[in-house]
Structures are given as C-alpha cells and as structure tokens.
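Enquirer: Got a predicted structure here, sequence first:
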Amino acid sequence: MQKDNDRKNLIYFPLGTFGRDMVYALVTNFLLTFILFTQSLDASQLTAITAIMIGARIFDALNDPVMGNIIERTRSRWGKFKPYLISGILLTSLVVYLMFNTGLEGWPFVVFFGIIYFSYSIAYTMHDISYWGMIPALSRDQELRNKFTSRTTLVAGIGGTLANILIPMLTAGAFAIGGSSRIAFGRIALAVGIIAPVFLLITVLKVREDRSDMEKQAPKVSFRKIFSTVRYNDQLLWCALFLLLQQIGNGIALSGLGSTYIYFEFGYEGGLFSLYTTLGMLPTAFLMIFYPSLSRKFGRIRLVKGLSLIAGIGYAATLLFGLIMPSGMAKFALITIGYMFSNFGQYGLYLIAMISILNTVEYNEYMRGERDEAIIASLRPFFTKLASALTVLIATGTYIIFGVLKYTNGISDYENLAARGLISESEKLNSIGALIQSATKGEANSMLITMCILPLLLLVISSALYLKKYRLDEKTYDAICAELEAREHGNN
C-alpha cells in the first residue's frame, strides 16, 4: 500500500509546480524588464522600486517563517498543507494579473507597485512554503526524497524554462503579442494566472502525505519558536547561507541584465534571448533526471566540488569570449555555450542546497525532538526570494551607474507609442534598433562583466562555506534516521 502511494505521489506531486514556476519565472526574471521597457522612470523612481522589492523581501524574513509556523499548527480535514496551496495560488494569480495590467505611470505607478508587490509576496509565500514543506512529509527515505526533489525540480524546470523561452519571444521584437511589450505582458500574466491553479489542483486532489504528526497538540504561533528552530539548527543556517549566495550568483544573468545585454550586443529581438536561455538551461535536464544516481555514486561533497568547477569555467569562458570577440553569431554561440556550463553547475548546486536544507528536518528532530518541517522549509523560499531582490538591486545599480537607464527609457517610450497606436510596429523596431546602436561598447560590457565576475566570486565563497561547514553527508544522515527509528520503536 505504501509503495503504491509513493508511486502515485512521485507522479502527482511534481506536476503541481509546473504553473507555479511559470508564475515565478514571470515575476522574478521579467518584472524588472517589464518595468524598464514599459515605464519611463527617472533614477529616483527606479531606486524607489528597487527599495520596494528589497523591503518586501525583508518583510518575508518574518512572513515566511511565520507562515511556516501557521502551517505547523493547522489541523484540518485536508491536512496542514493543502488549505494554503489552494488559497495561496488563487490569490497569487489575481495579484500577478493586476501587476502586469495597469495603465498607471510615474509616481502613481510606484505607489501601486509597492502595494501589489507586497501582496504578491504574501500570496506566493502561502502556497510555496506549503508545497515544499510537504516533501519531508512524503517520505523519510533518503533515496525516495532525492527522487521527489529531482522530479519536482524537473517539472519546475520545464515550467520555468518554457516561460523563459516564450516570454522574451512574445514580448520583444517582431513576435510581440499585440505589437507592444505592455500588451504582451498583460496577456501572458492572464495565461499563467490560469495555468498555475489548474496544475496545483492535481497535487491537492491526488497526493497523500503523512499526517501522523497532526495527532500531536498544535504548537502556538510564536516568534520564539521560529527563532529557536533556526538559531539552534546550525546545519540549517549554513545550508541557507549557501543557498542565498548561490541563488544571487545564478540569478544575475536572468535579473534583466542578460536580456538587456543580448539586445544591446545582438539586436532587439526576443527570440535571441529565448535561444540563449533555452540552450543555457538545456543541460540541466540531465541533472533533473539523473541527480539521484549521481548523488548515490559520488556523494554531495564531491558533487559540490565538480559542479563548482564546471560553473567557474562557464563564467570565465563567457567573459573572455564576450570581451575579445567582435559582435556576431559566432560570439553569440560561444557566450551561450559558456552560459550552458555555468547554469549546469549552478543548477546542480541548487539541487544540493535544497536537499541539504530538507535533510536538516531529521537533524532538528534528532537534536531537539521536533521536526518543524514547515518552519525549516520556509527558509528555502525566503532566501530564494531575498536573493531575487538582491539581484534586482545589482541590475538596477548597473543600469544607473553605467548609464544604461537612458536607453531603457527610450525603449519604453517607443513601446508605449506603439501600444497606443501612435506609431507602427516597424517604426517602433527601427527606432529601438537605432537607439541601441548608439550605445557605447563600454555600456554593453558593463552588463557582461557584472554577469560574470560577481557570480564567480559568490560561487567560490558559497562552495567553500559548504565544504567547510556542512556535516550532514549521506552516511551521517542515514545514521541519524536509524537513531530516530530506534527511538520511535523504543517509545512504542
């Protein structure tokens, strides 16, 4: 019976995140691009938007663990996770639709953005923590948990990659929906807002998690409880820091800098950036499928070393080819190959970070007698979202410091004229092409350098921390699980 349940869960749980990750890709990877290419902002307005994004993530420092604590104390006929999966995804879809469908401009837009972005932070947290918090409740078996994580990230990768391919193609250049970025982003937001709840409903209806811990008395919602869980789980802290640094480094290319650099270097055509991200993410499918086998054969420590080396080679190659080669398709091909290497290594490190964090649930139970699944799981989305906010800070700082903002404002002006029907699509594309060609080589290279040097530094620091501080390797984790099982049988 349990094996049959595991088999079904391995199918239906991963499917739930397909649409969620389309939403996440839209907001995380393209929100800043949407703002820059549909709004004419001065430096103070762009700085305010960046501050809002960072402020929302600081708010998540309290919101995510509190949400985890609320989930832990939930006692319902649907379990403790599923009520928040449904309510959270429906609210997220509504907020994301409003986010990308507004006619406001200037400071009124900034105020509206502050309200809607904080609302998104709350809504997404509800279903994100509930979703990932379910994995420890699906199985304690390390091999099976690796399968859940790898299959889930495979589906998440498909959803996110599909969004990363289609969104630039359908919002910039000749294939933009409705002839402008403003119209295109609005319609895409509507589409993913429908897809996400449909797929998550599969998880809600089909997945059966272990609810035995719900027989215990519900813990009180307490900041002290949250603080103590995080503070006294040293392995959780080191894993979370590793994840934060890794996510910042890996997110810089997709923060808006990557697409803007591609447009500046090779022309304003969304299909080029779609090709760049498609090929760059293609090798990660290997890890999504074969990570459990690789982890079983090599172990996480050896994988961290190997994957860090691969990613480092990718960043170095991208920077070298980007700086020394003349613009053209040969250069585009080589920097794309460099991105394939860096993204492959970084994605593998992300898998390791996720599994390492989830494995601290048993470590917490071993040390303190409590699993605190949802609270521990809340650290992953918190640091992931905090990293996305910091990548926005890095991107906007690059735009302002190196004078790129004047070009993005120009693109926005032409996009809005096209959306109002004041110029034709061909006139828009010709004007944007001429504007981009007026940018200097140094302005384009500033984005390339930021995309390569900073992630490489963060890669070295994060990998060194993991290798030095993380102690829950496969052997230690199995020993902890064996001890917990012995305690459970002893109590019975």
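Expert: All right, it came through fine. For clarity, every value in this text was computed on a predicted model and none was experimentally measured.
Enquirer: Quick one: residues in contact with stretch 112-124.
Expert: 23-24, 27, 35, 49, 52-53, 56-57, 59-60, 63, 88, 91-92, 94-96, 98-99, 102, 104, 381, 385 (C-beta atoms under 8 Å, 6 or more residues apart in numbering). (C-beta placed from N, C-alpha, C; glycine too.)
Enquirer: got any ranges where the stretch 351-492 of the chain has weak pLDDT?
Expert: The model of the stretch 351-492 of the chain has pLDDT under 70 over residues 374, 491-492.
Enquirer: swap the cut-off to 90 and go again
Expert: The stretch 351-492 of the chain contains residues with pLDDT under 90 at 351, 354-393, 395-397, 399-433, 435-444, 470-492.
Enquirer: if we can go back for a sec, ChimeraX command to pick out the buried ones of the contacts of stretch 112-124?
Expert: If you want just the buried ones from these in ChimeraX, going by 16 or more other C-beta atoms under 10 Å, the selection is:
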select :23,24,27,35,49,52,53,56,57,60,63,88,91,92,95,96,98,99,102,381,385
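Enquirer: Let's see which of the contacts of stretch 112-124 end up in helices.
Expert: Here DSSP state H is the test, and those give 23-24, 27, 35, 49, 52-53, 56-57, 59-60, 63, 88, 91-92, 94-96, 98-99, 381, 385 as lying in helices.
Enquirer: count of neighbours near Ile453?
Expert: Residues lying near Ile453 (other C-beta atoms under 10 Å) number 14.
Enquirer: packing partners for whatever helix or strand it lives in?
Expert: Taking DSSP states H and E as the criterion, Ile453 maps to helix 441-469. Packing contacts for helix 441-469, counted by 3 or more C-beta pairs under 8 Å, 6 or more residues apart in numbering; DSSP states H and E, involve helix 234-251, helix 258-266, helix 284-324, helix 329-368, helix 373-401.
Enquirer: any chance of those helices in a markdown table, with distance to Thr476 too?
Expert: Converted to a markdown table, the helices and strands packed on helix 441-469 look like this (distance: least, C-beta to C-beta, whole Å):
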| stretch | distance to Thr476 |
| --- | --- |
| helix 234-251 | 10 |
| helix 258-266 | 38 |
| helix 284-324 | 11 |
| helix 329-368 | 9 |
| helix 373-401 | 17 |
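Enquirer: Quick one: closest of those helices to Gly157.
Expert: Of all these, helix 284-324 sits nearest to Gly157, with 5.5 Å by C-beta to C-beta.
Enquirer: now the angle from the closest one to helix 329-368?
Expert: Using axes from the mean of the first three to the mean of the last three C-alpha atoms, to 10 degrees, the direction of helix 284-324 lies 130 degrees away from that of helix 329-368.
Enquirer: From the contact counts, what lies against helix 284-324?
Expert: So helix 284-324, by 3+ C-beta pairs under 8 Å, 6+ apart, packs with helix 142-171, helix 329-368, helix 441-469, helix 474-491.
Enquirer: List the residues that contact Arg20.
Expert: 89, 127-128, 131, 156, 159, 196, 199-200.
Enquirer: Run the chain-centre distance for the helix or strand where it lies.
Expert: Assigned by DSSP H and E, Arg20 belongs to helix 18-38. A distance of 10 Å separates the centroid of the chain from that of helix 18-38, by C-alpha atoms, centre = their mean, to the nearest Å.
Enquirer: Check the gap between Leu287 and Leu307 for me.
Expert: Counting by C-beta to C-beta, to the nearest Å, the separation of Leu287 from Leu307 is 9 Å.
Enquirer: what touches both of these two?
Expert: The contact sets of Leu287 and Leu307 overlap at 344, 348 (C-beta under 8 Å, 6+ apart).
Enquirer: that older thread, including pLDDT and distance to Gly249, could the contacts of Arg20 go into JSON lines?
Expert: Below are those laid out as JSON lines (pLDDT from 0 to 100; distance: C-beta to C-beta, whole Å):
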{"residue": "Ile89", "pLDDT": "94", "distance to Gly249": "29"}
{"residue": "His127", "pLDDT": "89", "distance to Gly249": "27"}
{"residue": "Asp128", "pLDDT": "88", "distance to Gly249": "21"}
{"residue": "Tyr131", "pLDDT": "87", "distance to Gly249": "25"}
{"residue": "Ala156", "pLDDT": "88", "distance to Gly249": "19"}
{"residue": "Gly159", "pLDDT": "92", "distance to Gly249": "22"}
{"residue": "Ala196", "pLDDT": "95", "distance to Gly249": "27"}
{"residue": "Phe199", "pLDDT": "95", "distance to Gly249": "29"}
{"residue": "Leu200", "pLDDT": "93", "distance to Gly249": "29"}
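Enquirer: Report the rounded mean pLDDT for the helix holding Arg20.
Expert: The predicted model gives helix 18-38 an average pLDDT of 90.
Enquirer: Helix 234-251 and that one, what's the angle between them?
Expert: Going by the same axes, to 10 degrees, helix 18-38 makes 50 degrees with helix 234-251.
Enquirer: Return helix 18-38 as CSV; C-alpha atoms alone will do.
Expert: C-alpha atoms of helix 18-38 as CSV (Å, rounded to 0.1, in the frame of the first residue of the first chain):
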residue,chain,number,x,y,z
PHE,A,18,4.5,23.4,-13.4
GLY,A,19,2.3,26.5,-13.4
ARG,A,20,3.8,27.9,-10.1
ASP,A,21,7.2,28.1,-11.7
MET,A,22,5.8,29.8,-14.8
VAL,A,23,4.5,32.5,-12.4
TYR,A,24,7.8,32.6,-10.5
ALA,A,25,9.8,33.0,-13.8
LEU,A,26,7.5,35.8,-15.0
VAL,A,27,7.8,37.8,-11.8
THR,A,28,11.4,37.0,-10.8
ASN,A,29,13.0,37.1,-14.3
PHE,A,30,10.9,39.6,-16.2
LEU,A,31,9.2,42.0,-13.8
LEU,A,32,12.2,44.4,-14.0
THR,A,33,12.3,44.1,-17.8
PHE,A,34,8.6,44.8,-17.9
ILE,A,35,9.0,47.9,-15.8
LEU,A,36,12.0,49.2,-17.7
PHE,A,37,10.5,48.6,-21.1
THR,A,38,7.0,49.9,-20.4
